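Novice: quick one: sequence plus predicted model below, questions after.
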Amino acid sequence: MRGDARLSSAKLTSGIRSIVATLAAVLIGSSTVRACPVCFGGAEGSLIDGAKLGVLALVAVTLAVQGAFVAFFLYLRKRAKQVAELDLEAEWLDLQRGPRSS
């Protein structure tokens, strides 16, 4: 029991130390360490334009694949309704014919 308490106390102390170290690095660090010029609003150049175009292409591909899945499942639903109607019609025709004589 004592070993478990010491272990959890050591983990808590280690966690607090890492949080304090991270806060100190963020607060004491210079502004150039915190973020690149793109994050500060200097979004200019062909590299940024290419990244934006790449993101748009990935979104388009994702939407196309999801649209294909939706279309496929709608097709399956339509096909299942057609088969159910055919089965119902066949059963109705059997009932109208009456009992079969052997």
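Specialist: Now that the structure is in, tell me what you want to look at. From a predicted model like this one, the values you see are computed outputs, not experimental measurements.

Novice: next secondary structure element downstream of the helix or strand of the chain with the lowest mean pLDDT?
Specialist: None of the helices or strands of the chain scores lower by mean pLDDT, DSSP states H and E than helix 31-34, at a mean of 57. Following helix 31-34 in sequence order, the next helix or strand is helix 46-97 (DSSP states H and E).

Novice: now that following helix: mean pLDDT?
Specialist: Mean pLDDT, helix 46-97: 93.

Novice: pull the distance from that helix to the chain's centre.
Specialist: Centroid displacement of helix 46-97 relative to its chain, using Cα atoms, centre = their mean, to the nearest Å, is 19 Å.

Novice: next one: stretch 79-99
Specialist: The chain centroid and the centroid of stretch 79-99 are separated by 42 Å under Cα atoms, centre = their mean.

Novice: flag every buried residue along it.
Specialist: By 16 or more other Cβ atoms under 10 Å, stretch 79-99 has no buried positions at all. Bear in mind the C-beta positions are built from the backbone N, C-alpha and C, glycine included.
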